[in-house]
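Asker: show me how the following folds:
(2 chains)
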Amino acid sequence: MSGNQLLTKITRLEQAIALLKLEAYASLKKSVRRSLPYPETAITRAAKQTRQDRWRELYAKNVARIR
Amino acid sequence: MPKMWRVFVDTSALLAGLNSTHGASGTVLTLGRAGKLTIVISPDVVAEAERNLPTKFPLLGQAWTTFLLMPPVITKSPTLAAVRRAHQLVPTSDAPILAAALTAKSHILVTLDREFIELAHRAELSLPVMLPSVFIDHLRRTTVML
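Answerer: Below is the predicted model of the structure:
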């Protein structure tokens, strides 16, 4: 099997998996969510804190100055 | 409905997608990897992710590298004028993200930040801002993916 044929097969498999995941998402059980490496709340909190820090570091003064 | 969705993925949704391929955020990233969506991020999103991953979420490092190899579309940094305009619409630290998403002509912005969603909704933006789960539900109802 050539490299191109292999890539095509992989892409088709990925597409099929994506579709299956889309369907599976609707019936996802909470037990799966509980087995995550990190709690989602920790992720959202960290992302928000970092955004506010970077805003103060990079944007706040400049945006205020040109308003 | 666009032929190919350009989905701007905010940092919270991106990190959540790396954290779990089974959830809605992970499904968005998987659809991007499968070529069914165009995933768009900005240099601010990259910087925010890279500030958090090594210290707070080291287990996601490999998933992050794999994601970058997809590769997503990484926009240019928004101009200060664009950030200012976005800040007039959503007067929070989310303005640079909104500015990048608007400049990149994204069809949708997905985030887990409910305050951002609420403010964007109030501002009646042309760019819908929503939870990944809401977007996935919308896709399930309206799209034949294969």
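
Asker: for residue 42, give me phi and psi.
Answerer: I'll assume chain A. Backbone geometry at A:Ala42, expressed as degrees, to the nearest 10, gives phi -70, psi -40.

Asker: chain B was what I was after
Answerer: With angles defined as degrees, to the nearest 10, B:Ser42 sits at phi -120, psi 170.

Asker: so what's it scoring on pLDDT?
Answerer: We have a pLDDT of 98 for B:Ser42.

Asker: what of B:Val90?
Answerer: Taking B:Val90 on its own, its pLDDT is 95.

Asker: which residues touch it?
Answerer: Shown in contact with B:Val90 (CB atoms under 8 Å, 6 or more residues apart in numbering or on different chains): B:Leu98, B:Phe116, B:Leu119, B:Ala120, B:Ala123, B:Leu125. (C-beta placed from N, C-alpha, C; glycine too.)

Asker: now, of those, which are buried?
Answerer: Listed as buried from the contacts of B:Val90 are B:Leu98, B:Phe116, B:Leu119, B:Ala120, B:Ala123, B:Leu125; burial here means 16 or more other CB atoms under 10 Å in any protein chain shown.

Asker: now the top helix by length along chain B, how far from the chain's geometric center?
Answerer: Determined from DSSP state H, the single longest helix within chain B is helix B:43-56. Relative to its chain's centre, helix B:43-56 lies at 14 Å (CA atoms, centre = their mean, to the nearest Å).

Asker: could you see whether chain A lies near the following helix or strand past it?
Answerer: Tracing the chain past helix B:43-56, the next element assigned as helix or strand by DSSP states H and E is helix B:61-68. No. Under the criterion of CB under 8 Å from any CB of the partner chain, helix B:61-68 makes no contact with chain A; the nearest approach is 9.3 Å.

Asker: packing partners for helix B:61-68?
Answerer: Packing contacts for helix B:61-68, counted by 3 or more CB pairs under 8 Å, 6 or more residues apart in numbering or on different chains; DSSP states H and E, involve helix B:11-19, helix B:43-56.

Asker: the residue of chain A found nearest chain B and B:Thr92: what is the separation?
Answerer: Nearest residue of chain A to chain B, counting by CB to the nearest CB: A:Trp55, 3.4 Å away. Counting by CB to CB, to the nearest Å, the separation of A:Trp55 from B:Thr92 is 8 Å.

Asker: cool, B:Asn52 as well?
Answerer: According to CB to CB, B:Asn52 stands 19 Å off from B:Thr92.

Asker: these two: which has the busier surroundings?
Answerer: Neighbours of B:Asn52 and B:Thr92, each counted by other CB atoms under 10 Å in any protein chain shown, are more numerous for B:Asn52; the result is 21 against 17.

Asker: quick one, phi psi at the residue most central in space within chain A?
Answerer: Taking CA atoms, centre = their mean as the criterion, A:Ile43 is the residue nearest the geometric centre of chain A, at 10.7 Å. Main-chain dihedrals, A:Ile43, degrees, to the nearest 10: phi -70, psi -50.
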